[in-house]
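K.L.:
Have a look at this fold, sequence not included:
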């Protein structure tokens, strides 16, 4: 067992999220010294496209940061990592204030169970009064959305270093949340991969439950078997731990697949959902995001609490429904999993799986 950078007694996973160009990647660089826009086109465009991780050791805790895209065009990539976050740094630029991406990301990460640390970034560009005004706007927004903040908004300038120590102090106070048992059957969603040679691939992700060890594992969907040659992680290879696993396997492994034991797959899901965006009715098409996977989806059945077939946001009784979703391919999923459906590139429905079928 090798270690990724870090190695504290406990691990907390922190997604750095918010509207695009609000300074998320620059903030991670200021905190960790690591620049996460690694792809040439990311640097050329000045936007994050692929999620990337950096690690910071604070006392006995390893903080695993994942910098996710803020642009709605890349929400698929954001959701592939957001599902596993324990905490979320919600970045809001002082020169713009809360934007649509602020709302999207706050709703999504809190729905997945992450606790929010709001940050007002780029405070070197505005007056102190303006920075304080944006901090108040952020708190008002979170209260409106029903999202609890762990701390008051921290004013930060990645350029001057202002507020960095205060934010690090807040991060050092974070506690690792309860995890599933290491003895549970393994489920480890794949977030990204890197081909080593014709039969060997490096797989990156976070263990959802169980323990990832060297030996044979199941790869789903597809029902294949792979050999884990080595595992590299920050702290063992149990639940909540980011990992790199080198596999010997026939065929390809892609984001959205899972390594595990006794994994269930389905292309038909029954769920309870909450509308947060577009109207939805039987026949509406979208994309469902569950764990690190995404699939095209059709709403086969919709029955709201008001007894109608049209799901509408912010309309009491009409914004909650029991639905049946038909996917264009199987994904790893089981009752209790949380998911999000996008229509276009906009978040439309949050849901909890009640039943699955193939």
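P.N.:
Sure thing, it's come through. In this text the structure is predicted, and so the values were computed from the model without any measurement. Numbering: from 1, shown residues only.
K.L.:
any idea which element the closest residue to residue 238 other than its chain neighbours lies in?
P.N.:
In this structure, residue 238 finds its nearest non-sequential neighbour in residue 182, 4.1 Å apart by C-beta to C-beta, 6 or more residues apart in numbering. (Each C-beta comes from the backbone N, C-alpha and C, glycine too.) Using DSSP states H and E, no element contains residue 182; it sits outside every helix and strand.
K.L.:
With residue 162 instead?
P.N.:
Using DSSP H and E, no helix or strand contains residue 162.
K.L.:
Just give me the residue closest to the centre of this structure.
P.N.:
residue 82 (0.6 Å; C-alpha atoms, centre = their mean).
K.L.:
That residue contacts residue 17, doesn't it?
P.N.:
Yes: counting by C-beta atoms under 8 Å, residue 17 is a contact partner of residue 82 at 7.0 Å.
K.L.:
hang on, the earlier thing: for the residue nearest to the centre of the chain, which residues are in contact?
P.N.:
15, 17, 68, 88, 105, 108, 109, 112, 114 (C-beta atoms under 8 Å, 6 or more residues apart in numbering).
K.L.:
and the fourth one, what is it in contact with?
P.N.:
When contacts are counted by C-beta under 8 Å, 6+ apart, residue 88 is found next to 14-17, 82, 105-106, 109-110, 114-117.
K.L.:
next one: stretch 194-212 to chain centre, how far?
P.N.:
18 Å (C-alpha atoms, centre = their mean, to the nearest Å).
K.L.:
Between its first and last residues, what's the separation in it?
P.N.:
18 Å (C-alpha to C-alpha, to the nearest Å).
K.L.:
Ok, stretch 217-224 next?
P.N.:
End-to-end distance (C-alpha to C-alpha), stretch 217-224: 9 Å.
K.L.:
in it, what's buried?
P.N.:
217, 218, 219, 220, 221 (16 or more other C-beta atoms under 10 Å).
K.L.:
Can I get those in CSV including distance to residue 304, pLDDT and secondary structure?
P.N.:
Output for the buried residues of stretch 217-224, formatted as CSV (distance: C-beta to C-beta, whole Å; pLDDT from 0 to 100; DSSP: H, G, I helix; E, B strand; the rest coil):
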residue, distance to residue 304, pLDDT, secondary structure
217, 41, 96, strand
218, 38, 96, strand
219, 38, 96, strand
220, 33, 96, strand
221, 31, 96, coil
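K.L.:
and for residue 82 and residue 17, which residues touch both?
P.N.:
With C-beta under 8 Å, 6+ apart, residue 82 and residue 17 have common neighbours 68, 88, 105, 109.
K.L.:
Next step: those restricted to helices.
P.N.:
105, 109 (DSSP state H).
K.L.:
follow-up on the earlier one: quick one: the residue nearest to the centre of the chain and residue 318, what's the gap?
P.N.:
Residue 82 is 27 Å from residue 318, where distance means C-beta to C-beta, to the nearest Å.
K.L.:
likewise residue 123?
P.N.:
Relative to residue 318, and taking C-beta to C-beta, residue 123 is found at 41 Å.
K.L.:
So for the two, which sits in the more crowded spot?
P.N.:
Here residue 123 and residue 318 are compared on neighbour count by other C-beta atoms under 10 Å; more neighbours surround residue 123, at 26 against 18.
K.L.:
residue contacts, the more buried one?
P.N.:
Counting by C-beta under 8 Å, 6+ apart, residue 123 has contacts 94, 131, 155, 156, 157, 162, 163.
K.L.:
go with 10 Å
P.N.:
93-95, 130-132, 134-135, 154-160, 162-163 (C-beta atoms under 10 Å, 6 or more residues apart in numbering).
K.L.:
Quick one, which of those residues are buried?
P.N.:
Buried among the contacts of residue 123 (16+ other C-beta under 10 Å): 93, 94, 131, 132, 134, 135, 154, 155, 156, 157, 158, 163.
K.L.:
now the residues you listed in JSON lines, with secondary structure and distance to residue 29?
P.N.:
JSON lines is the format used below for those (DSSP: H, G, I helix; E, B strand; the rest coil; distance: C-beta to C-beta, whole Å):
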{"residue": "93", "secondary structure": "strand", "distance to residue 29": "16"}
{"residue": "94", "secondary structure": "coil", "distance to residue 29": "18"}
{"residue": "131", "secondary structure": "helix", "distance to residue 29": "21"}
{"residue": "132", "secondary structure": "helix", "distance to residue 29": "25"}
{"residue": "134", "secondary structure": "helix", "distance to residue 29": "22"}
{"residue": "135", "secondary structure": "helix", "distance to residue 29": "23"}
{"residue": "154", "secondary structure": "strand", "distance to residue 29": "17"}
{"residue": "155", "secondary structure": "strand", "distance to residue 29": "18"}
{"residue": "156", "secondary structure": "coil", "distance to residue 29": "12"}
{"residue": "157", "secondary structure": "coil", "distance to residue 29": "13"}
{"residue": "158", "secondary structure": "coil", "distance to residue 29": "7"}
{"residue": "163", "secondary structure": "coil", "distance to residue 29": "15"}
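K.L.:
Quick check, residue 251 in contact with residue 219.
P.N.:
Yes: Residue 251 lies in contact with residue 219 (C-beta atoms under 10 Å); the separation is 8.7 Å.
K.L.:
can you give me the helices in the chain?
P.N.:
Using DSSP H, helices in the chain cover 24-32, 40-45, 75-82, 100-111, 128-145, 164-172.
K.L.:
Fine by me, we can end here.
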